[in-house]
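Peer 1: Structure of the sequence below:
(2 chains)
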2 protein chains.
Amino acid sequence: MAELAHRIRAGQLTAEEAMHSCLQRIALRENEVGAFVSIDEAAALQAARTADSAGLGGPLHGVPIGVKDIIDTRQFATAWGTSFYQGHQPGRNASCVELFLQAGAIIVGKTVTTEFAYFKPGKTANPHNLAHTPGGSSSGSAAAVADCMLPFAFGSQTAASLIRPAAYCGIPGYKASHGSFDLQGVMGLAPSMDTLGFLARDIEDFELARTVLCGSKPAIADFDDTPLRVSLLRGAHWSEGSLEMRDVCQRALAALAEAGAQTGELACPEVFKVLTECQKTVMAYEVARARIFEYSHYREQISSAFVDLVESGLQITRAAYEDACSTRDRAMRVLQSLFVDTDIILAPAASGEAPAGLDATGDPLYSRSWNLLQVPCISIPFGHGPQGLPLSVQMVGPMNADDSLLAAAKWVHSQFKRQLEAGA
Amino acid sequence: MAELAHRIRAGQLTAEEAMHSCLQRIALRENEVGAFVSIDEAAALQAARTADSAGLGGPLHGVPIGVKDIIDTRQFATAWGTSFYQGHQPGRNASCVELFLQAGAIIVGKTVTTEFAYFKPGKTANPHNLAHTPGGSSSGSAAAVADCMLPFAFGSQTAASLIRPAAYCGIPGYKASHGSFDLQGVMGLAPSMDTLGFLARDIEDFELARTVLCGSKPAIADFDDTPLRVSLLRGAHWSEGSLEMRDVCQRALAALAEAGAQTGELACPEVFKVLTECQKTVMAYEVARARIFEYSHYREQISSAFVDLVESGLQITRAAYEDACSTRDRAMRVLQSLFVDTDIILAPAASGEAPAGLDATGDPLYSRSWNLLQVPCISIPFGHGPQGLPLSVQMVGPMNADDSLLAAAKWVHSQFKRQLEAGA
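Peer 2: Numbering: from 1, shown residues only, chains lettered A, B, ... in the order given. Presented below is the predicted three-dimensional model:
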C-alpha cells in the first residue's frame, strides 16, 4: 500500500490503473478464493477516476482497500458473518474507515469474516491451495491481500483472528497494542482483547496505516547499527505444534543471528502456562455480555459453537472472571520484565501450515496468550512447509512499543526475504 | 429500585401500580423538569400489566427505569443529544439494556443527555430549583431519579458526566471501574475513560444493577465491626471550589469520625496536580477519533464547543497523547499505594451547589482526574448549601474494588442520613 501510494503520488500510475489492476485480479480469482462478501466495482472505479481528476489528496490517495465485515461502512451492508444481519446497513462509518477515506483510500468491498469473528467459517479458501483454510476470523482480508486482489485490508483479533490467517496465507499481519486504535463501529466480541489490525504485503504499510489512524509519524529505530535482540520463547504449547512449526522458529532465529541480531532463548515463565485457559475464561465471560442481544433474539440462527461460547460465558462467575484477569495482570508484569534483556520475542504464529478443509479455520492456540496480554504482535512469513504452504513466525513487542516493534519487523522481514532469495 | 423490586416480589405492590406511580409523577413534573427526550407511557403500562400477569420473573421484575440517550434501545430512537440523529432507530439494544430487560426491568423512556455527552446542555432543569442546572451530561437521568419520576436510570461518565449531576441533584451516583460493564451500544466518546454508571436513591440499587450486568453477587464487607478507614484528599483544585464545597467535605469527614470511622487526610501527590490537564489531552485526542464521522459529516449542525474539542484533538501529536497516558499510568501506581493505609478516599464531588442557569452544566473539574485514573467513584449527598441546593461528597475506591466501595458507600450513606435526621 505504501509503495502503491507513493507511485500514484509520483505520477507513475493513476488511481484508475491501480484500481483496474485489483479488479482484474479479483475477476480472475474471486470465484475460487471467495474473499469478499460484497464488492462494488463500479463505485470503486468511479472513485478512482474522481481521485485522479481531483489531484493529489491525502497519504492514501487512490489506494484500494478491503474492510472486514465486522466493521461498519455506510457504503456496504455489515453482516458480521451472520445470516440475520444480511443487508444490515449502518448509518455511520467506523472511525478507522472514516479516517482511511479521508486519507484518500477507496473501499473495494467488504471481506469475509467467520460468524461474529469466532469459529464458524465463511466461504473463503486459502489462495495457496484452495482445499485448505485461509484461517480466521479475518479470512477474506488475509486471502485477498495474499492473492494480490488488494494491497491492504483491515482485520481484527480477539484470540488469533489476525495473526493466524496472516500466517496461513503467508503475508505480514499486525495486531496492535490493545487500545491503540479507536473501535467505534467495529463489532465488539471481548472488549478487553478486541484489537483492530492490518493485513498487507509490506511492513511499511503498517506504519502508514498507523500514522493515518493515530496522527503524526514517530521516529523509527534503525537496526543496522544497533543489533536487534531477539529471544525465542517456545511457550506452553510448543510440543503440540507441527515439526515444521518448530523448524521455522529455529530457522528464523538462526537466520536473524546470521544477519547480525543478538539471539537467545527464554524459558517459559510459570504463569504463562495457564494463560490459554485464562484467555478462554475472559473471552467467554465478555462475549456472553457483548453479544447478549443476538444470543437472545437470534439463537436459532446462530452456530452451536457460538451459542455454546455464550452459554459457557453466562455460567462463569464474576469471581472466576476476576481471578483470570488477576492472573493476566500478573503475567503482564512478568512479560514486561522479560523485555529488559530482549527487544522482541520470537514465537510460533500458528500450529504449522494451513490445515486442509474449509469447515474450520485452524487452532487459535498460538495467539490466545499473547492477545490476552494485550501486547503488539506481528506475523512474518518465512518460507514454506512440506505441503508447499506458507509458514510464519510471530514477533511480540512490549506493550505500547508498537513503533519499535514495527521497526524491528521491517528489518526482520527484509532479512527473511534476503535469505530466501539467497537460498532459492 | 432494590426496595421496589422487593416489594413487587413480596406482593406488596403490583408492577402496574409501581409504573402508575412513576407516570403520575412524570405527568406532574416533566413539563417543568424536562428529564426525558422520549416517553412511551402506553407501552410502559402495558409491559407492567404483562409482567403482573406473567408472574415473577427476574430480579428487576416490573421495575421502571430510564436510559440515557447515548445508549441504544430498539424501542426508542437514540439521538445522542444531537439534531441530526433525531429519529435514529438502532436495530439492537445495548448490552446493559438487554440484560436489564431480561431481568424484568421496563424502560419508561430515554433521558436527556448533553450533545455527545459533552458540554452543550439539553432542556433539563434541576428539580430542586428549576432555574439551576441539573449538571451534565447525564442530566435527564439524574433529574428524573432525584425528582422521583424513576427509581433508577443509566448514566455514563467520561469526565464528570455522572458524579456531577448526581451531586447537583442530590442523589447517589455510581461510576464503576473502567471496563466493568460491557459498552456495546453505548456511544463512545473517549474509550479509555468512557464508563457506564447508575443513578438511584439507594446504594443497594447499585449492587443489584451490578449483579444483573456482571453475574453472581459477591460477598460484601460489613463496617459495623471493622471500622472504615476514610481519608480526605483535598486535591489540586480545592481552593478553587466554593466555601460550601470545602465545608461539606470537612463536615462529612467529621460525621464519619463520629460514626466510628478511622479518618485522616492525605497530602495531594505531586503527580496528581497535572492530571486535569492530562485528562483534557487524552479526552480531546480520543474524541477526535471516536467521533470523526460526525465531525466530518455534520459539522455545521454541531456546537462550536464540540467542534473545538475535535479540532484540538486532531492537533494533539501522538507523542503528547502517549506522554499524557504515561503520566496517568504513573499516577495510577501512586494512587494504588495510597490505598494501603486507607479504604476509601473522600474528595469533592463538584465545585459546590448547582450553578444558576441552564446554558451550561457546571465545571467538570472535580471528576476529571479520578475518571482519568479509571477507579470507581460514588457521589453521596450530605445536606444542602446556602441556596438550599444539595451538596455531595465523592468516595473513591481502588481499581476494580467496586464491591468494597459499594459496601463502604452503603455504610457512609446510612451514617449521613442518620446524622441529618438527628440534626433536623
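Peer 1: Neighbours of residue A:333, how many?
Peer 2: Other residues near residue A:333 number 9, with proximity taken as other Cβ atoms under 10 Å in any protein chain shown. The way it works is simple: take the backbone N, C-alpha and C, and place the C-beta from them, glycine included.
Peer 1: quick check, it in a helix?
Peer 2: Yes: secondary structure of residue A:333 (DSSP: H, G, I helix; E, B strand; the rest coil): part of a helix.
Peer 1: In terms of helices and strands, where is the residue in the stretch 251-400 of chain A that chain B sits nearest to?
Peer 2: Using Cβ to the nearest Cβ, the single residue of the stretch 251-400 of chain A nearest to chain B is residue A:289, 4.0 Å away. Using DSSP states H and E, residue A:289 maps to helix A:275-290.
Peer 1: which helices and strands does the next helix or strand after that helix pack with?
Peer 2: Next helix or strand after helix A:275-290 toward the C-terminus (DSSP H and E): helix A:292-298. On a contact count with 3 or more Cβ pairs under 8 Å, 6 or more residues apart in numbering or on different chains; DSSP states H and E, helix A:292-298 meets helix A:304-315, helix B:95-102.
Peer 1: okay, the ones you listed, which one's buried deepest?
Peer 2: Highest mean neighbour count of those: helix B:95-102, a mean of 24 (counted as mean count of other Cβ atoms under 10 Å in any protein chain shown).
Peer 1: Give me the contact list for the helix or strand following it.
Peer 2: Using DSSP H and E, the helix or strand that directly follows helix B:95-102 along the chain is strand B:106-111. Strand B:106-111 is contacted from outside by B:15, B:19, B:22-23, B:26, B:35-41, B:44, B:47-48, B:51, B:62-69, B:73, B:75-78, B:97, B:101, B:138-141, B:143-144, B:149-150, B:153, using Cβ atoms under 8 Å, 6 or more residues apart in numbering or on different chains.
Peer 1: taking those one by one, which sit in strands?
Peer 2: B:36, B:37, B:38, B:39, B:64, B:65, B:66, B:67, B:68, B:153 (DSSP state E).
Peer 1: Show the buried residues in these.
Peer 2: B:36, B:37, B:38, B:39, B:64, B:65, B:66, B:67, B:68, B:153 (16 or more other Cβ atoms under 10 Å in any protein chain shown).
Peer 1: now, which of the residues you listed sits nearest chain A?
Peer 2: If you rank those by distance to chain A using Cβ to the nearest Cβ, residue B:67 comes first, at 14.2 Å.
Peer 1: Residues in a beta bridge with the closest one, which ones?
Peer 2: residue B:110, residue B:154 (DSSP bridges).
Peer 1: Hmm, it is touching residue B:73, no?
Peer 2: Yes: using Cβ atoms under 8 Å, residue B:67 is in contact with residue B:73, at 5.8 Å.
Peer 1: and for these two, which residues touch both?
Peer 2: B:97, B:107, B:110.
Peer 1: For the residue lying closest to residue A:274 once chain neighbours are set aside, give me its contacts.
Peer 2: Closest residue to residue A:274 apart from its sequence neighbours, by Cβ to Cβ, 6 or more residues apart in numbering or on different chains: residue A:327 at 6.3 Å. By Cβ under 8 Å, 6+ apart, residue A:327 lies in contact with A:271, A:274, A:275, A:278.
Peer 1: Can you redo the residues you listed as CSV, where the extra columns are pLDDT?
Peer 2: Shown next, in CSV, are the contacts of residue A:327 (pLDDT from 0 to 100):
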residue, pLDDT
A:271, 98
A:274, 98
A:275, 98
A:278, 98
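Peer 1: low pLDDT regions in the stretch 151-300 of chain A?
Peer 2: Residue ranges of the stretch 151-300 of chain A with pLDDT under 70: A:218-222, A:224.
Peer 1: where exactly do the helices run in it?
Peer 2: For the stretch 151-300 of chain A, the helices defined by DSSP state H, counting those that start in this stretch occupy A:163-169, A:203-214, A:243-258, A:275-290, A:292-298.
Peer 1: Now do the contacts for residue A:199.
Peer 2: By Cβ under 8 Å, 6+ apart, the contact list for residue A:199 reads A:138, A:141-142, A:145, A:152-155, A:162, A:165-166, A:169, A:171-173.
Peer 1: out of those, which one sits closest to residue A:384?
Peer 2: The closest of the contacts of residue A:199 to residue A:384 turns out to be residue A:169 (Cβ to Cβ; 12.2 Å).
Peer 1: and the stretch 101-250 of chain A, which residues reach chain B?
Peer 2: A:102, A:179, A:181-185, A:188, A:191-192, A:213-216, A:218 (Cβ under 8 Å from any Cβ of the partner chain).
Peer 1: Could you list which of those belong to strands?
Peer 2: Using DSSP E, the subset of those located in strands is empty.
Peer 1: Please identify, among these, the one with the most neighbours.
Peer 2: residue A:182 (25 neighbours).
Peer 1: pretty sure that one is in contact with residue B:286, am I right?
Peer 2: Yes: counting by Cβ under 8 Å, residue A:182 sits close enough to residue B:286 to count as a contact (7.1 Å).
Peer 1: Give me the common contacts of the two.
Peer 2: Overlap of the contact sets of residue A:182 and residue B:286 (by Cβ under 8 Å, 6+ apart) consists of residue B:191.
Peer 1: Quick check: chain neighbours aside, which residue is closest to residue A:256?
Peer 2: Spatial nearest neighbour of residue A:256, excluding adjacent residues (Cβ to Cβ, 6+ apart): residue A:230 at 5.2 Å.
Peer 1: Who are the packing partners of the helix holding residue A:289?
Peer 2: Using 3+ Cβ pairs under 8 Å, 6+ apart: helix A:275-290 touches helix A:304-315, helix A:318-338, helix A:368-372, helix B:95-102.
Peer 1: What residues sit buried inside it?
Peer 2: Buried residues in helix A:275-290 (16+ other Cβ under 10 Å): A:275-276, A:278-290.
Peer 1: Name the residues that touch that helix?
Peer 2: A:118, A:158-159, A:188-193, A:236-237, A:295, A:309-314, A:316, A:320-321, A:324-325, A:327-328, A:331, A:365, A:368-369, A:371-373, B:95, B:99, B:181-182, B:184, B:213, B:215.
Peer 1: In three-state terms, label the nearest residue to residue A:298 once chain neighbours are set aside for me.
Peer 2: Nearest non-adjacent residue to residue A:298, counting by Cβ to Cβ, 6+ apart: residue A:84, 4.8 Å away. Here residue A:84 is coil, with the state taken from three-state DSSP.
Peer 1: Dihedrals phi and psi, residue A:84?
Peer 2: The phi and psi values for residue A:84, taken as degrees, to the nearest 10, are phi -80, psi -10.
Peer 1: What pLDDT is listed against it?
Peer 2: Residue A:84 is assigned a predicted lDDT (pLDDT) of 97.
Peer 1: ok, now residue A:396?
Peer 2: pLDDT at residue A:396 comes out at 98.
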